[in-house]
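*Asks:* What follows is a protein structure lacking sequence information:
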Ligand SMILES: Nc1ncnc2c1ncn2[C@@H]1O[C@H](COP(=O)(O)OP(=O)(O)OP(=O)(O)O)[C@@H](O)[C@H]1O
């Protein structure tokens with residue numbers, strides 16, 4: 001019961017977000033974008049540069065805990081290490097009263113999740129492969145900087161001017177760093193989560209496999225009376241795409257790197273007139 005009261009208190013009172021219109025430092029809050037694992041994300045107007053920015057505030061209930069400022073400081077280190085047109089840029093960090101804020105560039109547009117499921121966009125196999133190439137190139141850039149994103153999913157990709165942008169670096173880690181903040185180890189997770197959270201290129205490759213499947217499922221209409229089947233039975237894929245997904249999901253020899261996956265994708269895209277399996 002006590003834990004329930006603390007959770008209620010944290011969610012409704014301590015972690016109440018700042019309201020739209022509120023000025024914090026040189027920023028005016030426009031709206032809350034989301035409440036994540038460690039923080040509250042806001043869209044805000046920078047009153048000096050007159051640009052829209054994203055503010056990420058450590059939740060007050062997590063102040064001075066390993067999941068609070070430490071996580072934010074790590075996300076800042078990650079964003080500050082990167083300079084890529086399709087990744088948010090870290091602008092500055094500051095403290096307002098007792099709250100720690102991180103400021104990054106705002107990327108406009110729907111997430112791929114919103115585009116696929118709310119705007120009901122369908123993507124054919126070739127377009128999905130083209131999109132995977134673009135996402136794969138961003139992930140390859142991260143890996144060149146010894147960074148593993150660990151959360152490459154459709155809600156973390158924004159679609160803007162026909163290009164994907166990768167956001168949410170809250171789980172990203174540099175190679176060699178610990179996969180968890182708290183004392184628990186990865187072995188506390190189930191085997192699929194261990195694969196996703198390992199600080200190694202294989203975890204992003206595994207996520208890219210699921211990403212590819214999500215795009216391909218956009219064109220799938222389940223028949224009402226048929227029971228659910230596996231992706232290999234439900235989707236009619238060309239042998240090349242089918243083989244790539246099996247390797248990404250580690251069902252066949254895993255790709256050693258994102259570059260190796262990109263080579264297969266390019267080969268597939270270079271060949272005209274693929275027939276479906
Ligand atoms: N730079 C950005 N540009 C545009 N929208 C963003 C940006 N960063 C975050 N968002 C939006 O704000 C929401 C919340 O962001 P946040 O980084 O807190 O993600 P989260 O997944 O909710 O959190 P966490 O990673 O802490 O679990 C995201 O779902 C995304 O839609």
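*Replies:* Okay, I see it. Predicted model only: the values in this text are computed from it and were never measured. Residues are numbered from 1 along each chain as shown.

*Asks:* what number of residues lie near the closest residue to the ligand within the stretch 51-200 of the chain?
*Replies:* Closest residue of the stretch 51-200 of the chain to the ligand, Cβ to the nearest ligand atom: residue 170 (2.9 Å). Where you see a C-beta, it was placed from the backbone N, CA and C, and this is true even at glycine. If you count neighbours by other Cβ atoms under 10 Å, residue 170 ends up with 20.

*Asks:* How about the one 10 residues further on?
*Replies:* In terms of burial, residue 180 registers 14 neighbours under the definition other Cβ under 10 Å.

*Asks:* residue contacts, it?
*Replies:* Residue 180 makes contacts with 186, 197, as judged by Cβ atoms under 8 Å, 6 or more residues apart in numbering.

*Asks:* Show me what the lengthiest helix in the chain packs onto, helices and strands only.
*Replies:* Determined from DSSP state H, the single longest helix within the chain is helix 125-144. Under the contact criterion of 3 or more Cβ pairs under 8 Å, 6 or more residues apart in numbering; DSSP states H and E, helix 125-144 touches strand 163-166, helix 201-217, helix 239-248, helix 258-270.

*Asks:* So which residues make contact with the third one?
*Replies:* Around helix 239-248, the neighbours that count as contacts under Cβ under 8 Å, 6+ apart are 125, 128-129, 205-206, 208-209, 212-213, 216, 231-232, 237, 252-255, 261, 264-265, 267-268, 274, 277.

*Asks:* repeat for the last one
*Replies:* By Cβ under 8 Å, 6+ apart, the list of residues contacting helix 258-270 from outside reads 126, 129-130, 132-133, 136-137, 139-140, 143, 201, 204-205, 208, 238, 240-241, 243-244, 247-248, 255, 274.

*Asks:* Residue numbers of this protein in contact with the ligand?
*Replies:* Proximity of the chain to the ligand (Cβ under 6 Å from any ligand atom) is limited to residues 33-34, 36-39, 41, 54, 88, 104, 106-107, 111, 155, 158, 167-168, 170.

*Asks:* switch to 5 Å and redo it
*Replies:* 33-34, 36-37, 41, 54, 88, 106-107, 167-168, 170 (Cβ under 5 Å from any ligand atom).

*Asks:* So how do I select the buried members of these in PyMOL?
*Replies:* Applied in PyMOL, the following selects the buried portion of those according to 16 or more other Cβ atoms under 10 Å:
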select buried, resi 33+41+54+88+106+107+167+168+170
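
*Asks:* now the residues of the chain next to the ligand in CSV, with pLDDT?
*Replies:* Formatted as CSV, those follow (pLDDT from 0 to 100):
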residue, pLDDT
33, 95
34, 92
36, 80
37, 75
41, 96
54, 98
88, 98
106, 98
107, 97
167, 97
168, 94
170, 92
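
*Asks:* count of residues packed around residue 115?
*Replies:* Residue 115 has 18 nearby residues by other Cβ under 10 Å.

*Asks:* list the contacts for it?
*Replies:* Contacts of residue 115 (Cβ under 8 Å, 6+ apart): 121, 159.

*Asks:* what about it, distance to residue 162?
*Replies:* Residue 115 sits 11 Å away from residue 162, going by Cβ to Cβ, to the nearest Å.
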